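[1] Sequence and predicted model, in that order:
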2 protein chains.
Amino acid sequence: MRRLAAAAEVTPGALYKHFRDKRDLQRAMADAVYATIDLAGIDTDSPTVDQVITCCERLRAAMLGFRDGGRIVAGSYSPFAATATISATLRKLLEGLILPSLDAGDVAYALRNYTTGFVIEEQAYLTLLAGGEWDALVQSLPRQGGTEAGRSSDAVAILTGDRDLRFRAGLKVILTGTVA
Amino acid sequence: MRRLAAAAEVTPGALYKHFRDKRDLQRAMADAVYATIDLAGIDTDSPTVDQVITCCERLRAAMLGFRDGGRIVAGSYSPFAATATISATLRKLLEGLILPSLDAGDVAYALRNYTTGFVIEEQAYLTLLAGGEWDALVQSLPRQGGTEAGRSSDAVAILTGDRDLRFRAGLKVILTGTVA
DNA sequence: ACCTGAACACCGTTCAAGT
DNA sequence: ACCTGAACACCGTTCAAGT
């Protein structure tokens, strides 16, 4: 609050005429993150799986555009316009695509939770990397017995690899299923 | 740190002989959360889809057992035993189940990110509810034009409904897919 | 209506000194 | 090896008073 006030060239107390408290400000920040989502080329009247994927990728991109974007957005229920727009867009796309046995709300919610979960992990990794703490952390991963099946580091492989590719792989898993 | 020190009947400075800083302590807390996961009845030698679902449900239950459990666990890379155990268990189960075209690591990562994302949202809701702030927030949701398709509140419906059911519905979506 | 100054009750972290 | 006391540099929030 104090640093934000300084950036706005105002005294900290002045912020409390605009936001009830820090959490109220963070809700507004969450909507500001959603507001940067690029919806160009998304047409809810002719939905495709590719558009759903694009939608999630742009949601991810929007969060990645801000420090702690994932954590800001996660669980902040910003009751504002941009938040409503992305929710409705994703759900409308899905309504025209999914199996009739499923609920579009459940699918949209799963996709959004996957996406925010992925980005939180990703930004934590990037912060650790930038601070030079990542290598020490990976080094201290428990060396477990014998076989390579023991290394607990799929997360490590995913984070240090091509994250765009891995994110899309996860989306495809959700959309197309994993078992026969 | 100060409150934890008080609970441990020790001076704040003493904590810094055991943990480098607050984040280091939170990593240990994350592992402590994972350590409460009940793995009874999970047999990685004869994997079933039901076991995967149970595994994710117990992961959710473990996080729900602690204040801010989801946020503590998300993006904290605790390089400890319990963290490695749940990761390896989930992946081993999946290796025996998924379509050969998929990677067990990607699927496990998608399931974990979905689960932590869901729990973060859930705990934020529960905190808001306990603080009496939830109703005011939902009231302020933008009333958008005409049709009921406009309400942006799938998240609201999911959170205020049977969350166990909704969580499982999301898991099934991921495991069995959404499109033909 | 919006802002300032000043205060209140906190934080995380460090470090010499003790045992 | 582990802990205390005390300090340093911060926090979020409130509120009378100003304009």
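    Yep, that arrived. Numbering: from 1, shown residues only, chains lettered A, B, ... in the order given.
[2] Looking at chain A, which residue is nearest chain B?
    When scored by C-beta to the nearest C-beta, chain A has A:Gly177 as its residue closest to chain B, at 2.2 Å. All C-beta spots, glycine's among them, are computed from the backbone N, C-alpha and C.
[3] residue contacts, that residue?
    B:Ile174, B:Leu175, B:Thr176, B:Gly177, B:Thr178 (C-beta atoms under 8 Å, 6 or more residues apart in numbering or on different chains).
[4] how about 7 Å then?
    A:Gly177 is in contact with B:Leu175, B:Thr176, B:Gly177, counting by C-beta atoms under 7 Å, 6 or more residues apart in numbering or on different chains.
[5] Among the residues you listed, which are located in helices?
    The helices in this structure, assigned by DSSP state H, contain B:Leu175, B:Thr176 from the contacts of A:Gly177.
[6] Which of the contacts of A:Gly177 lies at the shortest distance from B:Ala61?
    B:Leu175 (18.6 Å; C-beta to C-beta).
[7] Kindly provide the distance from the residue nearest to the closest one when sequence neighbours are not counted to B:Ser101.
    Nearest residue to B:Leu175, sequence neighbours excluded (C-beta to C-beta, 6 or more residues apart in numbering or on different chains): A:Thr178, at 5.4 Å. Taking C-beta to C-beta, to the nearest Å as the measure, A:Thr178 falls 10 Å from B:Ser101.
[8] of these two, who's got more company?
    Applying other C-beta atoms under 10 Å in any protein chain shown to A:Thr178 and B:Ser101 shows that A:Thr178 carries more neighbours, namely 24 against 8.
[9] Point out the residues in chain A that sit beside DNA strand D.
    Within reach of DNA strand D by C-beta under 7 Å from any atom of the strand, chain A has these residues: A:Met1, A:Arg2, A:Arg3, A:Pro12, A:Gly13, A:Tyr16, A:Asp21, A:Lys22, A:Arg23.
[10] Could you list which of these belong to helices?
    In helices, defined here by DSSP H, the members of these are A:Arg2, A:Arg3, A:Lys22, A:Arg23.
[11] Excluding chain neighbours, give the residue nearest to the first one in space.
    Just to be clear, that refers to A:Arg2. Computed as C-beta to C-beta, 6+ apart, the closest residue to A:Arg2 that is not its neighbour in sequence is A:Pro12, at 4.9 Å.
[12] from what I can see that neighbour touches A:Ala5, true?
    Yes. Taking C-beta atoms under 7 Å as the contact criterion, A:Pro12 and A:Ala5 are neighbours in contact, 4.3 Å apart.
[13] Would you mind listing what in chain A touches DNA strand C?
    Within chain A, the residues that sit near DNA strand C (C-beta under 7 Å from any atom of the strand) are A:Val10, A:Thr11, A:Pro12, A:Gly13, A:Ala14, A:Lys17, A:His18.
[14] Adding pLDDT and neighbour count, write those out as TSV.
    Shown next, in TSV, are those (pLDDT from 0 to 100; neighbours: other C-beta atoms under 10 Å in any protein chain shown):
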residue	pLDDT	neighbour count
A:Val10	97	13
A:Thr11	97	10
A:Pro12	98	13
A:Gly13	97	9
A:Ala14	98	11
A:Lys17	97	7
A:His18	97	11
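[15] Can you tell me which of the residues you listed is closest to A:Ile86?
    Nearest to A:Ile86 among those is A:His18, at 24.2 Å by C-beta to C-beta.
[16] What residues does the closest one make contact with?
    Contacts of A:His18 by C-beta under 7 Å, 6+ apart: none found.
[17] Now do the longest helix seen in chain A, average pLDDT.
    Ranked by residue count under DSSP H, the longest helix found in chain A is helix A:104-130. Helix A:104-130 comes out with an average pLDDT of 96.
[18] who touches the spatially most central residue of chain A in this structure?
    Closest residue to the average C-alpha location of chain A: A:Thr116 at 2.7 Å, with C-alpha atoms, centre = their mean. Residues near A:Thr116 by C-beta under 7 Å, 6+ apart: A:Gly70, A:Val73, A:Ala74, B:Gly117.
[19] By neighbour count, which of the residues you listed wins?
    Busiest of those [other C-beta under 10 Å] is B:Gly117, holding 29 neighbours.
[20] ok, now which ones touch the closest residue to that residue other than its chain neighbours?
    In space, and not counting its chain neighbours, B:Gly117 is closest to A:Asn113: 3.1 Å by C-beta to C-beta, 6+ apart. Shown in contact with A:Asn113 (C-beta under 7 Å, 6+ apart): B:Tyr114, B:Gly117, B:Phe118, B:Glu121.
[21] neighbours of the third one, just the number please.
    What it means is B:Phe118. Neighbour tally, B:Phe118, other C-beta under 10 Å: 28.
[22] my guess is it meets B:Phe167, correct?
    Yes. Checked against C-beta under 7 Å, the pair B:Phe118 and B:Phe167 is within contact range at 5.7 Å.
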